[in-house]
Every structure is written in C-alpha cells, then in structure tokens.
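Undergrad: Starting from these lines, generate the structure:
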Amino acid sequence: MFNFKKKFGQNFLTDKNLLNAIVKDGEINKDDFVIEIGAGAGALTEVLSSNADRVVAFEIDSELKETLIALNLKNVTFRFEDFMKVNLEEFEEPFKVVANLPYYITTPIIFKLLEESDKMLSLTVMIQKEVAERMVADPSGDYGVLSVMLAFYGEAKITRIVKRNMFYPEPNVDSAVVTLKVEKKYDIDKKDFYNFVKTAFSMRRKTLLNNLSSKYPKEKLKEVFNEEFLKRRAESLTIDEFVDAYKKLNEK
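TA: So this is what the prediction gives:
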C-alpha cells in the first residue's frame, strides 16, 4: 500500500476518460516532446506516453520509483528530483508541459516555466480551482501578478472543472484544467517586466503612484503619466496598459 505524503501534495487521478481529456486539452500529438511535473503513480504519464513522441516525467518522491519504472514506458524518461532545482536550459528543443500540479507549489512552478525557458510551446495544468480563476482573471478583484504574467505570455483558458471526488485521496477543494499557448507578443525584457508588475501590485489597496514610487521617483512618474492614471490601482490595468506603462517608464 502506497503511503500518500501530505508534504508533496499527493492527490492522484485514475479516471481514464478524464486523463485522456486533459491530454486532448494540451493538444498532444506524436510529434511532441512533453514535460510532466509530478508523475505520481503514472496514470497521466501512461496516457502522455501513448500520445506523444517522448516524455520526461519528474517525480520528487523516490518511493514511487519502483511503481513508475515497472510501467515500462519506452518513450518516457523518469527523473526522481525536485523540478524547482532543474535548469530548464538543458532542454534545447521545444516542449509542451502537461501536469497535475501539487497545490502547495503551483504558482512557483508556473513562474519557473514562464521565466526560465523560451522553449515552452504550451502549458496544460490541473490546479486548484481558485488558482485557475486567478490565472484567467480579467482586471477585477481576482486579478493579480499571476493573471498579468499569464496574459503577457498568451491567453490562459479554463478548459474543464474537475470535482474533488475524482482524486485519491480526495482533496478539500475542486480543481480545474488551465491551458496556455505561449505567444511572443511583447518584445520587452520579461524578467524586468515581471518585477515592474510585482511593484505595481505590491500593496493592492494603494494607487499606482504609491506602489511605483518605491522603484521610480515620483517626479518621473508625474512627468510620464497623468494624474488620473496614477490614481488607479494595478488591478484595473489590462495587459496592454501594463506593457505600455512599462515601456514609457523605461524609454531611454
């Protein structure tokens, strides 16, 4: 009997129809190289193996090694290590990501993928429904750094809601599948832009003038933007307004 580990956020899926649907959402085909994060007992890995050219599946729990190797999936390489410590530059060919992500580390993994590699073609992740709603949010109360940065890289969509009773052991919340096709829409420094967005959201109830003045002189902000803009909050800005503001502040 496998001992589920709370510290790794282990909740496994076994429903074949759902697993096939997730892989379909990711538009995985026989030409694709896929990275899976959190292989678990290998249920999703098996479906990926059947649909992709090759798969690299990461699993942090070495106790699952025997179970996963026993699946004998010829086109899958299992790596029993912490994905957060992997240098993504080692992957030199374009890849798609498909994963049932542990709730406790969802956001760090997504940011790592977005920031550290230019090779990712798409992202298809099963995550906590609440996080999924933040990922796809338009300017509103749910809108934040995660929403803006996903919009910077492409258009994130919720493709399906997955009830908690589909997992074992059953978690306390429902999940959702989010897909993102990566597009290179904006020709600006992504890490610097990310820091700019974080600064704009640093205190949600404060105005852009208050938040951005921690990084830029108030005189410059008042010179570049009108008073009405500086009175707004970050959560009211669209991705295009964020990019435009960043460019204006960083023009030589």
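
Undergrad: Got the domain ranges for this structure?
TA: Using automatic domain parsing, the domain parsing of the chain gives 6-182, 190-250.

Undergrad: Tell me which of those domains is the most buried.
TA: Highest mean neighbour count among the domains of the chain (mean count of other CB atoms under 10 Å): domain 6-182, with a mean of 18. All C-beta atoms are positioned from the backbone trio N, CA, C, and that covers glycine.

Undergrad: Tell me how far that domain lies from the chain's centre.
TA: Taking CA atoms, centre = their mean, to the nearest Å, one finds domain 6-182 lying 8 Å from the centre of the chain it belongs to.

Undergrad: Glu46 is in contact with Lys74, isn't it?
TA: No - counting by CB atoms under 8 Å, Glu46 does not reach Lys74; the two are 11.8 Å apart.

Undergrad: Where do the strands of the stretch 51-200 of the chain begin and end?
TA: For the stretch 51-200 of the chain, the strands defined by DSSP state E, counting those that start in this stretch cover 54-58, 76-79, 95-100, 120-128, 154-162, 167-168, 175-182.

Undergrad: Can you lay out the domains of the chain as CSV showing mean pLDDT?
TA: CSV is the format used below for these (pLDDT from 0 to 100):
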stretch, mean pLDDT
domain 6-182, 91
domain 190-250, 95
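
Undergrad: hang on, the earlier thing: out of the strands of the stretch 51-200 of the chain, nearest to Ala200?
TA: Across the strands of the stretch 51-200 of the chain, Ala200 has its closest neighbour in strand 154-162 (19.4 Å, CB to CB).

Undergrad: show me where the stretch 101-250 of the chain has helices.
TA: 106-116, 129-135, 145-153, 190-200, 208-212, 218-224, 227-230, 239-250 (DSSP state H, counting those that start in this stretch).

Undergrad: center of the chain - which residue?
TA: Ile110 (2.8 Å; CA atoms, centre = their mean).

Undergrad: Now for it: which residues touch it?
TA: Counting by CB atoms under 8 Å, 6 or more residues apart in numbering, Ile110 touches Leu101, Leu123, Val125, Met135, Leu146, Leu150.

Undergrad: Look up how far Leu209 lies from it.
TA: 30 Å (CB to CB, to the nearest Å).

Undergrad: With Thr179 instead?
TA: Counting by CB to CB, the gap from Thr179 to Leu209 is 36 Å.

Undergrad: Also Tyr104?
TA: Going from Tyr104 to Leu209 by CB to CB gives 35 Å.
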